[in-house]
Every structure is written in structure tokens, then in C-alpha cells.
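S.K.: Generate a structure from the sequence data that follows.
(chains A, B, C and D)
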There are 2 protein chains.
Amino acid sequence: MVTIRDIAKVAGVSPMTVSNVLNSSPHVRDSTRAKVLKTIEELDYRVNLAARNLSRGKTHLIGLAVPEVGRPFYGQFGSAVIERGRQHGFQIVIEQTQRPKEDELTALALSRRRMYDGLILSAVGLGRSDEDLLRVDFPVVILGERVFHDPVDHVSMPNVDGAFAAVTHLIDQGCRRIMAMHGPTTIASGVSALRHAGYLKALEAAGLEPDPSLTVVIEDFTPDHGVAAIHRAVADGVAFDGLFCVTDYVAMGAMRGLADCGLRVPDDVKVIGFDNVDSRFLVPSLSSIDPSHEVMATTAVDLLVARINGEENDPSEVVTPFTVLKRESTRM
Amino acid sequence: MVTIRDIAKVAGVSPMTVSNVLNSSPHVRDSTRAKVLKTIEELDYRVNLAARNLSRGKTHLIGLAVPEVGRPFYGQFGSAVIERGRQHGFQIVIEQTQRPKEDELTALALSRRRMYDGLILSAVGLGRSDEDLLRVDFPVVILGERVFHDPVDHVSMPNVDGAFAAVTHLIDQGCRRIMAMHGPTTIASGVSALRHAGYLKALEAAGLEPDPSLTVVIEDFTPDHGVAAIHRAVADGVAFDGLFCVTDYVAMGAMRGLADCGLRVPDDVKVIGFDNVDSRFLVPSLSSIDPSHEVMATTAVDLLVARINGEENDPSEVVTPFTVLKRESTRM
DNA sequence: CTGAAAGCGCTTACAG
DNA sequence: CTGAAAGCGCTTACAG
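M.R.: Predicted coordinates for the structure are as follows:
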């Protein structure tokens, strides 16, 4: 392997001059710079980043821990993070936290091994009891609501308000028996609990009595679970004219399940999701809450980079703005 | 920051014994190991991977260069690569190669800076003229057909055969005027050219005359382009009863476009895609070619890891098996 | 503008 | 079983 010393020897300068050229320091005479660059070219030298990382104390690597990058939301979010990271000169290592809490804590621990300069952690499984673990002396941005008083930057979605708006839209479109489909609401700060809260709030605001049989809990946010949940509900004879799904990806499955059962969207059941991932291409096009995940990604990266650069602001909590996208699936 | 020397000092041993403990070397007395581990615990020490990487000459990082991880195929593929990498003890850095050829070459160049131990490169823009650039003394696995004689492992999809099977299925279902929708066929080894070849082959095998007006070229493999292409074709009065799309993601848009134009699937037009990404959840469910991307991911990672470990096999070219998934969108 | 020296925090033969 | 020394390939003050 060609090193800086080889270049120095051939070019007849010291290693440190080569280093200066590599780092485009102004303190190099033009002729020297040219000579060094020429040698670098000739020997096809490439800087060894492992060495640079060690001496600089930075890796320019950011960890991104999300449940599964194969799901549309995280894929698109990840894509935006990679792009924004690149703009700041960082590369992104993706870790998948398939086992919600366990893997999220592992990611946190890993990142402290100085492999990453910082970590963006989608905390879907962390609850109040994990507060202490977030007290790290390491740049971290959490994707999700602020749990308690963890001294960490948060970027979160407008879960309650978005769900409220979604369900209110269903009500406006004439729905009276609205099903809510989401995960267990055991983690109070989790997406399911918050979106369920928004659902209940919307019912209440409209003077509708919540019916527990209309709350359908799924284990995981995949279309498969959406399909199965609808099959089950219909088999159980649950009657409903509206459906609010925790994510578009789940809604995609739910719409498929409705079709299986001979229920038409929007005629028999109006459906709305959350995330706005490719949902406009479905037939019927799926109404959704757009939490502007581009904004989330950009904000998360920017906050993290600021921490990495040592800016000492108070921990901030950014809730992204949202839009209600009204499409065919909720048409009157 | 706590280093190995701090641990050594406190535990009363030499740094190298700490290192031995960290690397679970058997040559450490149990009592010494216990003492060191206790100190590590107490001082909350974490190994500095940047330092370890430098001295070991490995980063345990694999680069994955794909066009855009927000697209279902690459998201799911990336997910499988991350998972398989993890099993081998590697982490994955994703680079997005939005500008096909340019960024792919950049990724190649970057990976030689010893940041990655190896690179998995989705070569959508590289053609025969780039052959030389692939002659790298660095572990690389290319996702895509073998261009010429580049001495590199390849994992590719059954592009021609898969397309042949897809179009033959349409013909079997009674289609006679079959549209092919894909990108420019300028790169002979590219996905579009190969799948188009399979399309032509299937027509020929069935004795159908190819009609150039039925070949629709799109700029990018997104649903948006699928929608627009259908709108355009219908506005132009192109008549067709079958549609083969280069990917399911494009087909999703095309089906949306057909709905916009009042054309029913499968009654008026039967549609089949390629990739099998969530296509079974669409309404109607989309027929597709399943190129077993799990197998692709696993194979690519395994081949790369073998290279990284210095195994000196001849460059292999693996074409994954495929399945024709017959669903509602091609029902008679 | 250029260089000699020390250091980043580990690991790797080599002795003992 | 344990340690002293050299080295991985850079960068960073500090001199000159």
C-alpha cells in the first residue's frame, strides 16, 4: 500500500508537506504542491481514512438506527438522511433495530465505541424507564417524542395532531364508525399510543362515542398485518365505515384486505393513513397525513452535526409540520 | 476518554494484557481477566474502533452503492444486505448513486481510501467502456451483468429470462398488443436493454410482430414516470392489451395511470412487473417476476466477504433463480 | 514555506 | 501467563 511516506520520499519532501497538500493547507509553495500532486497521481495514492480518523478523532460516520430500511417510510427517510449527511461531509451507517428496545440500546452502546461521530436513533421501543441510558456524553438525536427529561435533541412527528386531523377528516366525510388500527399502546410515548390519543380526541370533539371493538391492535407495521387484521375484523362481524391506519404501509395492506372481503373504498369504507409514502399511486389513491419526512431527516442531521461540532445549545424538540392529503380513499 | 492504558494502570497490568482480554485471547489467567473486566466496567471503557481499525488494517465496513434506498427494491435489498453483513460482523455504509455512472465511479474511488473493506456496487450506469476501472485490487462485487472480462464477482438478475417469462405469461393470458415500459436501452448490459431483449424474444417465440410504438421509454424507474408514460401513450391513441413494466415500482405508477384513463386492469389491460416488492398488496394484486432479492443480497455479501478474507477464487457470476408470480393483474 | 518529533489508541510479533 | 517495544498511517503543534 502506498503511504504518505512513499509520496514524500519520491517527491523529495517530508511526509508532513504531503499531509499539508492533502489537506489543502495554504502554507505550501505552488511548485511544491504541484510536485506532490504529481507524485500522488503517479503512485495512485489514496489517503488511508482509518489513519486519518484516528489522528483526527473523527470518523465522519453517522449511525442511523431504524427498525427496517425495507419499509417505505424508513427507506425514504434513510435516503434523505444519507443525502443530507453527504452535504455535511458525513456518511451513514444503517443499523436495523428489528427487536425494538433491545437493538436500540445496542445501537446506542455501539455508537459509543467511537465508530460514529454521532447517532440518529429511531426510538420506537424506548420508554420512560430508559431515560438514564440516554444521558450519554455523545451526540445523539432521537426520532420520537421526548420521553421525560432526557438531555437529548428530539425530532418528532405530529402524532397526536396528525391523527386528530386524519380522523376529523374521516368524520367530515361522513364516517361515524371509525376503526383505528395500530400497535399496542403500552409505551405511552410511542407512535401507537399517541396516534390513538389523537383518534380519541377527534371522536370526542365530534361528539362520537368511542367503541372499543373498533380499536384493532396489530403486532407490526406491515401490510401483512393490515390484511390479516381486516380479515379478522370482518369475520368477527365488526361494522365500520371509516379506517385510520397507523401508517400508509399498514393501510396498503388494509385496503387489500377490504378488497378481499368485497368492501369498496371509499364507498363502503373510507381509509386514511399516515406517512405519505407512495400512497398517491394506489388505486384508489390513499389519503394520508404527510409529516414531511424530508424536513425530519434534514432537521435530525442538522441537529446532530451541530452537536458533533460542539455547539452547546439546550436540547431542542422539533415537531415537524404536517399536511392532510385528501385523496380518493376518503371521497364522499 | 478512557483508553486501554488507563485500564492497564488501574488494573495494575500492561496495556497488552488489556488488549488480550478485549480480544478474548486464551493466554490470560482467569483472575487477571476478571480484574481487567471489572476495571473496564468501572471506568465504562469502550474500545476505540478507529484505533483498532488502523492497527488491524480492517474497518469491518462494507460500502453499498445503490441508486436510491428509498425505492422499494433497493430498500429491501439494502435491508437484506445489512442483515447478512451483520451476521458476518460487518456494518454497511450506504452511498446513493443518483447520477448513474458518475456516482458509481465515485463510490469505487472512495472505497479505495481504505474506509471500506469491500464494496457492493449496483452498476446501473457502467458499460463496457468502464471495464478498466473495475480492475481494482480491492474486494468488489458488482450487482449486474458481467460487462466484458472484468475480473470481479457478479451477482445478476435473470433479466432476459425473467422478462421472457413475464411477457410469455401475458401472451398466454390472451394479450396480443403488449407494451414494454423501461429505460433507454443504450447500455447493452443494462437492465432495460436486457429486459427488452426478453420481451422481444417472447414476442418472437409466440409469432407476434413487435410494434415499435409499443415500446415506451421512461427516464427513471419511478411511479411518477409510469403514470406519465401511460397518460402520454393513451393520449397518443396507442392501443394495447398487455403491459410489461421494467419494475413493480414503475408498474404501480402505470396501474395508477391506467385507472386515471378509465382503463381497467386486468379487463382492458393486463399488467406484469418485475421485482416483487409489495406488489401482492396492490388492488388488483400485481403479477411479477420474483428475482429472489434475498438470495441476491446474501450471495453478494457472501462473495464479498470471501474476497475480503482473501479467498482467491475465479471471479464468479451468479444469476439468481426467479419465479413468475401470477396474480389478479393478469387474470383472464 | 518546510521539517523533525510526538501522538492518536490500538495490535502484533517477540521475549521472558 | 505477562510485558516492553515497535508499528498501523495519518495529523498536530512547534521550530526553524
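S.K.: Of all the residues in the lowest-mean-pLDDT helix or strand in chain A, which ones are buried?
M.R.: Ranked by mean pLDDT, DSSP states H and E, the weakest helix or strand in chain A is helix A:100-111, scoring a mean of 83. Within helix A:100-111, the residues that count as buried by 16 or more other C-beta atoms under 10 Å in any protein chain shown are A:Pro100, A:Lys101, A:Asp103, A:Glu104, A:Leu105, A:Ala107, A:Leu108, A:Leu110, A:Ser111. For every residue, glycine as well, the C-beta is placed using N, CA and C.
S.K.: How about stretch A:250-265 and chain B, touching?
M.R.: Yes: using C-beta under 8 Å from any C-beta of the partner chain, stretch A:250-265 reaches chain B at A:Met252, A:Gly253, A:Met255, A:Arg256, A:Ala259.
S.K.: Could I get the CA-only coordinates of that stretch as PDB?
M.R.: Provided in PDB are the C-alpha atoms of stretch A:250-265 (Å, rounded to 0.1, in the frame of the first residue of the first chain):
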ATOM      1  CA  VAL A 250     -50.300  -0.800   7.000                       C
ATOM      2  CA  ALA A 251     -53.200   0.900   5.200                       C
ATOM      3  CA  MET A 252     -51.900  -0.600   1.900                       C
ATOM      4  CA  GLY A 253     -52.500  -4.000   3.400                       C
ATOM      5  CA  ALA A 254     -55.800  -3.000   5.000                       C
ATOM      6  CA  MET A 255     -57.100  -1.800   1.600                       C
ATOM      7  CA  ARG A 256     -56.000  -5.100   0.100                       C
ATOM      8  CA  GLY A 257     -57.900  -6.900   2.900                       C
ATOM      9  CA  LEU A 258     -61.000  -4.800   2.300                       C
ATOM     10  CA  ALA A 259     -60.900  -5.700  -1.400                       C
ATOM     11  CA  ASP A 260     -60.600  -9.400  -0.300                       C
ATOM     12  CA  CYS A 261     -63.800  -9.000   1.700                       C
ATOM     13  CA  GLY A 262     -65.700  -7.300  -1.000                       C
ATOM     14  CA  LEU A 263     -65.700  -4.000   0.700                       C
ATOM     15  CA  ARG A 264     -65.300  -1.000  -1.600                       C
ATOM     16  CA  VAL A 265     -63.100   2.000  -0.800                       C
END
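S.K.: What parts of the stretch 1-150 of chain A come near DNA strand C?
M.R.: Applying C-beta under 7 Å from any atom of the strand, we find that the stretch 1-150 of chain A lies next to DNA strand C at A:12-17, A:20, A:26-29, A:31-32, A:51, A:54-55, A:57.
S.K.: if we go to 6 Å?
M.R.: A:Val13, A:Ser14, A:Met16, A:Thr17, A:Pro26, A:His27, A:Val28, A:Arg29, A:Thr32, A:Leu54, A:Ser55 (C-beta under 6 Å from any atom of the strand).
S.K.: OK, contacts around the fifth one?
M.R.: By C-beta atoms under 8 Å, 6 or more residues apart in numbering or on different chains, no residues touch A:Pro26.
S.K.: what about it, which SS state?
M.R.: Classification of A:Pro26 using DSSP: H, G, I helix; E, B strand; the rest coil returns coil.
S.K.: Distance of it relative to DNA strand D?
M.R.: With distances taken as C-beta to the nearest atom of the strand, to the nearest Å, A:Pro26 is found 13 Å from DNA strand D.
S.K.: what do you get for A:Arg135?
M.R.: 29 Å.
S.K.: Around that residue, count how many other residues there are.
M.R.: Other residues within reach of A:Arg135, judged by other C-beta atoms under 10 Å in any protein chain shown, total 10.
S.K.: got the contact list for it?
M.R.: A:Asp150, A:Pro151 are the contacts of A:Arg135 under C-beta under 8 Å, 6+ apart.
S.K.: I'd assumed A:His196 was in contact with A:Val160.
M.R.: No: counting by C-beta atoms under 8 Å, A:Val160 does not reach A:His196; the two are 9.3 Å apart.
S.K.: If you count surrounding residues, which of those two has more?
M.R.: A:His196 (24 against 20).
S.K.: Just give the closest residue to that one, not the sequence neighbours.
M.R.: Take A:His196 and drop its neighbours on the chain: the residue closest to it by C-beta to C-beta, 6 or more residues apart in numbering or on different chains is A:Thr185, 5.3 Å away.
S.K.: which residues does the one you found contact?
M.R.: By C-beta under 8 Å, 6+ apart, A:Thr185 lies in contact with A:Ser192, A:Ala193, A:His196, A:Val217.
S.K.: thinking again about what came up before, which outside residues touch the next helix or strand after the least confident helix or strand of chain A?
M.R.: Sequence-wise, the next helix or strand downstream of helix A:100-111 (DSSP states H and E) is strand A:118-122. Here strand A:118-122 makes contact (C-beta under 8 Å, 6+ apart) with A:62-67, A:74, A:81, A:97, A:104, A:107-108, A:111, A:138-144, A:300-301, A:304-305, A:307-308.
S.K.: what's the answer for stretch A:198-217, then?
M.R.: Stretch A:198-217 is contacted from outside by A:159-168, A:171, A:176-185, A:192, A:196, A:229, A:232-233, A:238, A:240, A:244, using C-beta under 8 Å, 6+ apart.
S.K.: So how do I select the buried members of the residues you listed in ChimeraX?
M.R.: Here is the ChimeraX selection string for the buried members of the contacts of stretch A:198-217, based on 16+ other C-beta under 10 Å:
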select /A:159,160,161,162,163,164,165,166,167,168,171,178,179,180,181,182,183,185,192,196,229,233,240,244
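S.K.: out of the contacts of stretch A:198-217, which are inside helices?
M.R.: Within the contacts of stretch A:198-217, residues falling in helices by DSSP state H are A:159-168, A:171, A:192, A:196, A:229, A:232-233.
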